[in-house]
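Engineer: Got a predicted model here, sequence first, then my questions.
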Amino acid sequence: MGGFLYDLFLWTVPLLISFYTLTYAWWLWQQKKKRGALGVAALALFTALYPGFVLFFIHK
């Protein structure tokens, strides 16, 4: 169980970065820069999901 909590702790850094990136994507969307906002949102989604995939499926 300690390993699981450690993995969750490690995952918080990419999640925080992803949240910050999503807020930037939201700002871009409001500035009518829709293509850039979609690209940044895709990057934020990848930033959140890839470390989770590695930590919970590959790392074990």
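Structural biologist: Okay, I see it. In this text the structure is predicted, and so the values were computed from the model without any measurement.

Engineer: Show the contacting residues for residue 55.
Structural biologist: Going by C-beta atoms under 8 Å, 6 or more residues apart in numbering, residue 55 touches 7, 10, 11. Every residue, glycine included, has its C-beta placed from N, CA and C.

Engineer: For the host helix or strand of the first one, name the packing helices and strands.
Structural biologist: Using DSSP states H and E, residue 7 sits in helix 2-30. Contacts defined by 3 or more C-beta pairs under 8 Å, 6 or more residues apart in numbering; DSSP states H and E place helix 2-30 against helix 34-53.

Engineer: Which members of the contacts of residue 55 are classed as buried?
Structural biologist: Taking 16 or more other C-beta atoms under 10 Å as the criterion, what is buried in the contacts of residue 55 is 7, 11.

Engineer: which of the contacts of residue 55 lies closest to residue 21?
Structural biologist: residue 11 (15.3 Å; C-beta to C-beta).

Engineer: Report the contact partners of that closest one.
Structural biologist: 51, 52, 55.

Engineer: Dump those into CSV; add pLDDT and distance to residue 35 as well.
Structural biologist: As requested, those are exported to CSV (pLDDT from 0 to 100; distance: C-beta to C-beta, whole Å):
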residue, pLDDT, distance to residue 35
51, 85, 26
52, 79, 27
55, 77, 31
